[in-house]
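In: A predicted structure for the sequence below; I have some questions about it.
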Amino acid sequence: MTLSHKLRTFGTGVAVAALTATAAQAMELRAWNIHVEDYPNSIALEAFAAEVADKTGGEITVKLFHNGVLGNQPDAIEQVRLGILDMGQFNLGPMGPSIPETNVVSLPFIFPSIPAMYELMDGDVGDAISAGMEAKGMRALAWYDSGARSFYNSVRPINSPADVEGLKLRVMSNDLFVGMVEALDGNATPMAFGEVYQSIKTGVVDGAENNPPSYHSVNHFEVAKYYSLTEHLIIPECVCISNAAWDGMSAEQQDIVYTAARNSAEQQRELWQAREAASMEAVQAGGVTVNTIDDKGPFQDKMAGVYDGFLAANPDLVELVGLIRGGS
């Protein structure tokens with residue numbers, strides 16, 4: 001069953017439809033977003049909001065709060081789950097502690113490419129993850145691209161796992177990411193993103209890992225001149241809505257909101273790819289040494305223990321991991 005079928009559980013019969021439409025009230029949806037207003041995600045969200053307002057005749061409006069002004073991402077995720085906030089545009093990485101299904105996409109090298117991620121997330125894999133989210137208070141309407149994350153540092157290029165040995169690398173606060181770096185014999189250091197620039201500059205850490213637009217936009221390329229395309233993490237983002245807000249809509253309104261979100265995802269992906277290319281050009285012009293890695297097999301082989309530990313701790317997710325690996 002597709003995500004659209006799961007999301008659009010419409011009443012059958014004129015009487016049910018009429019009751020649903022009557023019950024639905026005009027509403028303003030408050031939506032959290034961490035990105036600045038000119039970021040691809042933010043531009044796509046503005047288009048989503050405009051389409052929803054237009055197609056519902058103003059019955060539903062979306063008030064977007066960009067740049068994380070409503071708080072940090074973990075807190076915003078919890079607020080959407082609880083229905084305190086109506087919507088959010090989230091990375092799936094920070095959802096792992098509360099929604100186990102979302103942690104699957106944080107396994108290193110689980111997606112072989114960005115196009116493969118699109119296909120899987122727009123199909124059965126995305127449906128399964130959204131179902132896990134729904135059980136925890138919210139659901140995914142569409143999946144955004146956040147690129148592939150690669151290592152960068154101030155010491156040396158990374159061409160093989162041996163080049164990671166001994167490097168102090170900042171990672172997001174997730175046990176999977178710590179395990180990933182440790183499996184490569186590096187020293188993983190979880191810390192807030194805002195602390196990374198100064199920490200690299202002063203030698204507290206040697207580097208970090210992120211996608212090209214983030215590496216460029218926060219100027220990490222100024223202090224970490226080696227960017228190595230390990231592309232070890234491809235973590236999609238979601239346009240998510242609380243169950244409470246979703247259930248307060250008529251079937252027709254749900255259909256409009258869902259379609260607008262999917263349309264915005266198409267736009268976001270195109271904008272993201274353009275932004276990523278521009279960022280890569282800019283950092284190289286800024287003196288960064290970028291190296292590709294033709295054979296990622298040695299890195300992937302090092303991840304066996306990460307996968308074994310994750311699946312042992314989450315036996316109910318074995319099937320979902322197999323679905324991704326078998327479909328990629």
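Out: Received it, and whenever you're ready, just let me know what you need. Numbering: from 1, shown residues only.

In: Domain boundaries for the protein, per the record?
Out: According to the domain assignment given by automatic domain parsing, the chain is divided into the following structural domains: 25-145+235-275, 149-234+288-327.

In: Now do the strands in the stretch 101-250 of the chain.
Out: In order along the chain, the stretch 101-250 of the chain carries the following strands (DSSP state E, counting those that start in this stretch): 138-144, 149-153, 168-171, 187-190, 207-210, 226-233, 237-242.

In: on that earlier part again, need the domains of the chain in TSV (columns: mean neighbour count, mean pLDDT and distance to Ala282).
Out: All C-beta atoms are positioned from the backbone trio N, CA, C, and that covers glycine. Below are the domains of the chain laid out as TSV (neighbours: other CB atoms under 10 Å; pLDDT from 0 to 100; distance: least, CB to CB, whole Å):
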stretch	mean neighbour count	mean pLDDT	distance to Ala282
domain 25-145+235-275	20	95	10
domain 149-234+288-327	18	95	5
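
In: now for those domains, which one comes closest to Glu281?
Out: Relative to Glu281, the nearest member of the domains of the chain by CB to CB is domain 149-234+288-327, separated by 9.4 Å.

In: okay, the angle between whichever helix in the chain runs longest and strand 138-144?
Out: Taking DSSP state H as the criterion, the chain has its longest helix at helix 251-285. Using axes from the mean of the first three to the mean of the last three CA atoms, to 10 degrees, one finds that helix 251-285 and strand 138-144 are set 40 degrees apart in direction.

In: Can you give the distance of helix 251-285 from its chain's centre?
Out: Its chain's average C-alpha position is 12 Å from that of helix 251-285, according to CA atoms, centre = their mean, to the nearest Å.

In: Give me the spatial nearest neighbour of Leu85, chain neighbours excluded.
Out: Across the structure, with CB to CB, 6 or more residues apart in numbering as the measure, the residue nearest Leu85 apart from its sequence neighbours is Gln79 (4.1 Å).

In: Identify the residues contacting the host helix or strand of the one you found?
Out: Element membership of Gln79 [criterion: DSSP states H and E] is helix 73-82. Helix 73-82 is touched from outside by 32, 34, 68, 70-71, 85-88, 90-91, 94-95, 98, 136-138, 240-242, with contacts defined as CB atoms under 8 Å, 6 or more residues apart in numbering.

In: Go again with 7 Å.
Out: Residues lying outside helix 73-82 but in contact with it, judged by CB atoms under 7 Å, 6 or more residues apart in numbering, are 32, 34, 70, 85, 87-88, 90, 94-95, 98, 136-138, 240, 242.

In: Return the member of those residues nearest to Ala313.
Out: Using CB to CB, Ser98 is the member of the contacts of helix 73-82 that lies nearest Ala313, at 15.4 Å.

In: What strand or helix carries the closest one?
Out: Here Ser98 is assigned to no helix or strand, by DSSP H and E.

In: unless I'm mixing things up, it is touching Ala135, no?
Out: No: taking CB atoms under 7 Å as the contact criterion, Ser98 and Ala135 are not neighbours in contact, 10.8 Å apart.

In: which residues does Glu276 contact?
Out: Contact partners of Glu276, counting by CB under 7 Å, 6+ apart, are 147, 212-213.

In: Confirm for me that Ile234 is in contact with Phe109.
Out: No: using CB under 7 Å, Ile234 and Phe109 do not qualify as a contacting pair, with a distance of 8.5 Å.

In: Now for the nearest residue to Val218 once chain neighbours are set aside: which residues touch it?
Out: When the adjacent residues along the chain are set aside, Val218 lies closest to Tyr197, with 6.5 Å between them (CB to CB, 6+ apart). The neighbours of Tyr197, taking CB under 7 Å, 6+ apart as the test, are 218-220, 223.

In: now the end-to-end length of stretch 79-93.
Out: Distance across stretch 79-93, first residue to last, is 17 Å (CA to CA, to the nearest Å).

In: From the chain's centroid, how far away is it?
Out: Once both centres are worked out by CA atoms, centre = their mean, stretch 79-93 turns out to sit 13 Å from its chain's centre.

In: cool, stretch 223-235 as well?
Out: Centroid separation for stretch 223-235 versus its chain: 16 Å, with CA atoms, centre = their mean.

In: go on, stretch 305-318?
Out: For stretch 305-318, the distance from its own C-alpha centre to the chain's C-alpha centre is 21 Å (CA atoms, centre = their mean).

In: now swap in stretch 37-57 and tell me
Out: 18 Å.

In: what comes into contact with it?
Out: 31, 33, 35-36, 60-62, 64, 66, 89, 144, 239, 253, 256-257, 260-261, 263-264, 267-268, 271-272, 275.

In: Ok, stretch 227-238 next?
Out: Applying CB under 7 Å, 6+ apart, the set of residues contacting stretch 227-238 from outside is 89-93, 105-106, 108-109, 111, 114, 117, 121, 140, 143-146, 148-152, 157-159, 180, 215, 283, 288, 290-293, 296, 299.

In: In helices only, show me those.
Out: Using DSSP H, the subset of the contacts of stretch 227-238 located in helices is 114, 117, 121, 180, 215, 283, 299.

In: Which two of these have the greatest separation?
Out: Longest distance between any two of the ones in helices among the contacts of stretch 227-238 is 27.4 Å, between Met121 and Val283; criterion CB to CB.
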